[in-house]
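Engineer: Any chance you can model this:
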Amino acid sequence: MYRPVPLLAAMLIGLFLSACASRATTPEDAEKALVERAQNRWDTLLAGDYEGAYAYYSPGYRSTTSVIDFAIGIRMRRVRWTTADYKAHSCTENTCTIKFDVGFSVDRPVPGMDKYESSSMIEDQWVKTEGQWWYLPKKK
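Structural biologist: Okay, here's the model as predicted:
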């Protein structure tokens, strides 16, 4: 004998679970995910993973700067980043400014001084393009 009750129950459970999984994220959740993305970019830079960090840069930047040129540009700097700690953010629908306290060191900045260490507040600019957030470096 055919019993539709187990089939109907299984369909209702599946419908309920799919509704829970597809609930819309709140703006706060989206901003939290962006802050994590921004921190991940800094973490890859600090780890020396330049190819990984390059993947966070905007498509426009990547269309004009190769990953090799990007890595060479960072390696050629006298300033070495040592830490990056998230402090605050301010977002609109398609742009976001995220502040980090970035620690850095400079080897032999002047004769007689081996190393200079300090930190500075940095404001990273992020833009949303085609549903994805990208880091937008300042123009030189």
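Engineer: Where does pLDDT dip in the protein?
Structural biologist: 1-24, 140 (pLDDT under 70).
Engineer: longest strand of it?
Structural biologist: Assignment by DSSP state E gives strand 115-129 as the longest strand of the chain.
Engineer: Tell me which other helices or strands it touches.
Structural biologist: helix 27-46, strand 79-91, strand 95-107, strand 132-135 (3 or more CB pairs under 8 Å, 6 or more residues apart in numbering; DSSP states H and E). (C-beta placed from N, C-alpha, C; glycine too.)
Engineer: roughly how far apart are residue 120 and residue 99?
Structural biologist: As judged by CB to CB, to the nearest Å, residue 120 and residue 99 stand 11 Å apart.
Engineer: More neighbours: these two, which one.
Structural biologist: Neighbours were counted for residue 120 and for residue 99 using other CB atoms under 10 Å; residue 99 has more, 16 against 10.
Engineer: you'd agree that one is up against residue 85?
Structural biologist: No: the criterion here is CB atoms under 8 Å, and residue 99 misses it with residue 85 at 9.7 Å.
Engineer: ok, now which ones touch the nearest residue to residue 42 once chain neighbours are set aside?
Structural biologist: Residue nearest to residue 42 in three dimensions, not counting chain neighbours: residue 84, with 3.6 Å by CB to CB, 6 or more residues apart in numbering. Contacts for residue 84 (CB atoms under 8 Å, 6 or more residues apart in numbering) come out as 39, 42, 43, 45, 46, 100, 101, 102, 103, 122.
Engineer: same check, this time on residue 117
Structural biologist: Per CB under 8 Å, 6+ apart, neighbours of residue 117: 82, 103, 104, 105, 106.
Engineer: okay, now the first one: neighbour count?
Structural biologist: The local packing count at residue 82 equals 13, with neighbours defined by other CB under 10 Å.
Engineer: Was I right to think it contacts residue 46?
Structural biologist: Yes: using CB under 8 Å, residue 82 makes contact with residue 46 at a distance of 7.3 Å.
Engineer: Can you pull out the residues in contact with the one helix or strand residue 74 maps to?
Structural biologist: If you go by DSSP states H and E, residue 74 is part of helix 67-75. Here helix 67-75 makes contact (CB under 8 Å, 6+ apart) with 45, 50, 51, 53, 54, 57, 65.
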